[in-house]
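> Requesting a structural model of the entry that follows:
(one chain, ligands or ions: 1)
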Amino acid sequence: MRRIKTDILILGSGGAGLFAALHAHQKNPKAEITVAVKGLLGKSGCTRMVQGGYNVALAKEDSVERHFMDTIEGGKWLPDQDLAWQLVEVAIERIHELENELGCFFDRNPDGTVHQKAFAGQTFDRTVHKGDLTGIEIINRLAEQTWARGIKRLEEHRAIEIVKNRKGDAIAGVLMIDIRTGELVFVQAQAVLLATGGGPTMYKYHTPSGDKSCDGMAMALRAGLPLRDMEMVQFHPTGLVAGAGTRITGTIIEEGLRGVGGYLLNGEGNRFMHEYDARNERATRDIVSRGMYDQMLKGNVGPNGGVYITMRHLDPAMVKKEFPGMVERCADCGFDLVSGLVEVVPTAHYMMGGVVFRTDCSTDLSGLFAAGEDTGGVHGANRLGGNGVANSTVYGGIAGDTMGEWVANNGVFYEPDEAAIAEGATRVTLPFSATGKGPGLSAIRNRLHDLMWDDVGIFRDAASLSRASSALEELDSQLDSTGVADGQRAFNLTWHDWLNLKNLVLVSQAIRGSAEQREDSRGAHYRNDHPDVRDLENSRFTTVRIDGGRFDYGTRPVVFSRVKPGQTLIR
Ligand SMILES: Cc1cc2nc3c(=O)[nH]c(=O)nc-3n(C[C@H](O)[C@H](O)[C@H](O)COP(=O)(O)OP(=O)(O)OC[C@H]3O[C@@H](n4cnc5c(N)ncnc54)[C@H](O)[C@@H]3O)c2cc1C
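Residues are numbered from 1 along each chain as shown. You can find the predicted model right below:
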């Protein structure tokens, strides 16, 4: 097994990973920093796919307090208020850093101020953007700066296991697969950042990039770390329906379309959102997705089972100018966004839940830090559109600062628990010796997609969650007996598909079990058998960890450290 040593190891090269690399380098230029990424640096993950933009309170009429209150109310009083406050406060510094230090060009008003557009669920138009493909601008500039600073890269290296020291009380490094050769690699590090970006790709319709399979969350679970809010999976309302068998189905067209006045129509051509919320199409994502899904369950659908979004009542020149990327994407799928109807479905987009972490990005394992979509607690029950990339860049930067200092003051290269490395190696190479006759990876993937969509999706209840429990266990054991040919480990995508599915099934179990714990309906989590929000003052968040090979679920009270339900910080 190849062995490498680096002071700081960053897993993932999205907004969180690259910001962490740059800030760690700034804080501690002597530290050796390595970014390890399953895909290519600058080309993988979801930050690159960000369309609509970045929420930040820049305008004179807006305020950090207002952004904070929108985040807390959108999150149905479940966010950790200190994390949410830091998000909205540091977002201002971060957007200036993106423009003035890293060289991003965001759209501007004629008077030179940064243009901010409307996103759903917000009381102020505060979403900074570069056209309707903002993520490419952000990630290209971040990648250039990372390359320029001599930060080391392990591209197409997949992290598979967090490895602790022999005492089990600190991180020693990470076990990986070099995807290009198929060889196992152990990277020893003093500080490790988990920034693999979650990614709810276990659902039939989903938006994240294909390299995301909840690897970081699965590794954290296997390492015994606590995760929170795992029942909170966000469905974005407008996923394209481009037919079966294409990856375009499920990918989104952006929220700004509803922000500027786009209508949702059911299969009969009627608007319906007024039946669900007074804000109509500009209600938060959870409410709009439920309204759409309700219409779908009632059969008020288009030819492919979805509903429609239309902009045809708006100025065509404005739609073409403001949303060129969306117009083109729809045209690629045979839809006319400017003057026609585009068939859409709610699509699994984002996980509000994730690894429990503190405001300095530290976790319960000494030397392990976490940032971005791998973490839980910032958004509570619902993430506002535009708060995702703010989260990854704000907390990525903070993680980099913390790790730079950590390595200077507390950093130790621990010797790894060799038994754990051997166990990890055995686990990931299991399919090469499996001899059972399972249904095959495609059938397992399709079954996982359907069961998560039907039973752990937009609506859930005790019966559906219980059905999903045994189905997920069955899928896991089918995977264990599904073999993968061992002729060629280099770029063996079937092997990686197997590994993806193992992680997705594990994290699906955590989502399912957490959904069972929460006997109320909050934000993205809706229980048909418990439709009420319940007692906000006594809100609790769910937790899950693996202890002795078994899932251990619990709840903890939300601490209202800044504002209580019924109060506001807006003066
Ligand atoms: C289509 C789309 C549009 C979006 N639009 C918006 C928007 O307008 N506004 C907004 O705020 N948010 C938006 N989001 C959400 C936003 O992209 C995410 O919140 C955020 O970018 C996540 O950043 P991250 O750094 O945590 O993860 P990512 O950017 O996803 O990066 C994860 C990285 O981890 C790597 N990785 C994964 N597994 C492993 C492993 N095992 N080993 C090593 N590396 C690994 C990946 O290759 C990737 O490099 C959108 C998401 C999508 C999918």
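> hey, let's count contacts and neighbours off CA atoms from now on
Will do.
> And the ligand, is stretch 413-430 touching that?
No. Contact of stretch 413-430 with the ligand (C-alpha under 6 Å from any ligand atom) is absent, the minimum separation being 12.3 Å.
> which other helices and strands contact the longest helix belonging to the chain?
Ordering each helix of the chain by length in residues (DSSP state H) puts helix 493-517 first. Counting contacts by 3 or more C-alpha pairs under 8 Å, 6 or more residues apart in numbering; DSSP states H and E, helix 493-517 packs against helix 215-222, helix 441-455, helix 462-480, strand 540-547, strand 550-557.
> count of neighbours near residue 128?
Using other C-alpha atoms under 10 Å, residue 128 is surrounded by 24 other residues.
> Please tell me how far it sits from the ligand.
9 Å (C-alpha to the nearest ligand atom, to the nearest Å).
> sec struct for the closest residue to residue 136 other than its chain neighbours, please.
Excluding the flanking residues, the one nearest residue 136 by C-alpha to C-alpha, 6 or more residues apart in numbering is residue 48, at 4.9 Å. Each residue gets one of three states, and residue 48 gets helix by DSSP: H, G, I helix; E, B strand; the rest coil.
> doesn't residue 139 make contact with residue 48?
Yes. If you go by C-alpha atoms under 8 Å, residue 48 and residue 139 touch, sitting 5.6 Å apart.
> Give me the more crowded residue out of these two.
Higher neighbour count among residue 48 and residue 139: residue 139, with 27 against 22, using other C-alpha under 10 Å.
> re the thing from before, Throw the helices and strands packed on helix 493-517 into a markdown table and include distance to the ligand, mean pLDDT and mean neighbour count, thanks.
Output for these, formatted as a markdown table (distance: least, C-alpha to the nearest ligand atom, whole Å; pLDDT from 0 to 100; neighbours: other C-alpha atoms under 10 Å):
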| stretch | distance to the ligand | mean pLDDT | mean neighbour count |
| --- | --- | --- | --- |
| helix 215-222 | 5 | 98 | 26 |
| helix 441-455 | 17 | 97 | 18 |
| helix 462-480 | 18 | 97 | 17 |
| strand 540-547 | 19 | 98 | 21 |
| strand 550-557 | 22 | 97 | 14 |
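> Select, out of these, the one closest to residue 361.
In terms of C-alpha to C-alpha, the element of the helices and strands packed on helix 493-517 nearest to residue 361 is helix 215-222, at 14.4 Å.
> Which strands and helices lie in contact with the helix or strand just after that closest one?
Later in the chain than helix 215-222, the nearest helix or strand by DSSP states H and E is strand 227-228. Counting contacts by 3+ C-alpha pairs under 8 Å, 6+ apart, strand 227-228 packs against strand 354-356, strand 375-376, strand 540-547.
> Which residue, other than its chain neighbours, is closest to residue 32?
In space, residue 32 is closest to residue 7, 5.2 Å off (C-alpha to C-alpha, 6+ apart).
> can you give me the helices for this protein?
Under DSSP H, the chain gives helices at 15-27, 64-74, 81-96, 134-148, 215-222, 256-259, 285-297, 316-322, 324-332, 387-409, 418-429, 441-455, 462-480, 493-517.
> least trustworthy helix or strand in the chain by mean pLDDT?
Ranking every helix and strand in the chain by mean pLDDT, DSSP states H and E puts helix 256-259 at the bottom, with a mean of 90.
> can you tell me which residues contact whichever residue of the stretch 201-350 of the chain sits closest to the ligand?
At 3.9 Å from the ligand, residue 208 is the closest residue in the stretch 201-350 of the chain, using C-alpha to the nearest ligand atom. Residues in contact with residue 208, defined by C-alpha atoms under 8 Å, 6 or more residues apart in numbering, are 45-46, 199-201, 251, 349-350.
> residues in the stretch 1-150 of the chain within reach of the ligand, list them.
For the stretch 1-150 of the chain, the residues in contact with the ligand (C-alpha under 6 Å from any ligand atom) are 11-17, 36-39, 44-47, 49-54.
> quick one: contacts of stretch 454-472?
203, 235, 289-290, 293, 448, 451-452, 505, 508-509, 511-513, 515-516, 524-530.
> Please save the CA atoms from that stretch in CSV.
C-alpha atoms of stretch 454-472 as CSV (Å, rounded to 0.1, in the frame of the first residue of the first chain):
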residue,chain,number,x,y,z
ASP,A,454,-41.8,6.4,-2.4
ASP,A,455,-41.2,5.6,1.3
VAL,A,456,-38.7,8.1,2.6
GLY,A,457,-39.4,11.0,0.3
ILE,A,458,-41.6,14.1,0.2
PHE,A,459,-44.3,12.4,2.3
ARG,A,460,-43.5,9.8,4.9
ASP,A,461,-45.4,7.9,7.7
ALA,A,462,-44.7,5.2,10.2
ALA,A,463,-45.8,2.4,7.8
SER,A,464,-43.6,3.6,4.9
LEU,A,465,-40.6,4.1,7.1
SER,A,466,-41.0,0.7,8.5
ARG,A,467,-41.3,-0.8,5.0
ALA,A,468,-38.1,1.0,4.0
SER,A,469,-36.2,-0.4,7.0
SER,A,470,-36.4,-4.0,5.9
ALA,A,471,-36.0,-3.1,2.2
LEU,A,472,-32.7,-1.3,2.9
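> next one: that stretch to chain centre, how far?
21 Å (C-alpha atoms, centre = their mean, to the nearest Å).
> Tell me which stretches of the stretch 151-300 of the chain form strands.
Here the stretch 151-300 of the chain has its strands, by DSSP state E, counting those that start in this stretch, at 152-155, 157-164, 171-178, 183-194, 227-228, 233-240, 263-265.
> Is the third one positioned near the ligand?
No. On the criterion C-alpha under 6 Å from any ligand atom, strand 171-178 is out of touch with the ligand, staying 7.5 Å away.
> partners of that strand, with directions?
If you go by DSSP bridges, strand 171-178 pairs up with strand 157-164 (antiparallel), strand 183-194 (antiparallel).
> swap in the first one?
Strands flanking strand 152-155 in the sheet, each with its direction: strand 33-37 (parallel) (DSSP bridges).
> buried set for the partner strand?
33-37 (16 or more other C-alpha atoms under 10 Å).
> and what of stretch 269-289?
271-273, 276, 280-289.
> could I get stretch 156-166 in CSV with only the CA atoms?
The C-alpha trace of stretch 156-166 is given here as CSV (Å, rounded to 0.1, in the frame of the first residue of the first chain):
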residue,chain,number,x,y,z
GLU,A,156,-9.2,10.9,-8.7
HIS,A,157,-8.4,9.7,-5.2
ARG,A,158,-11.4,8.4,-3.3
ALA,A,159,-11.4,8.6,0.5
ILE,A,160,-12.9,5.4,1.9
GLU,A,161,-12.2,5.4,5.6
ILE,A,162,-11.3,7.7,8.4
VAL,A,163,-8.4,6.1,10.3
LYS,A,164,-7.8,6.9,14.0
ASN,A,165,-4.7,6.6,16.1
ARG,A,166,-4.1,3.4,18.1
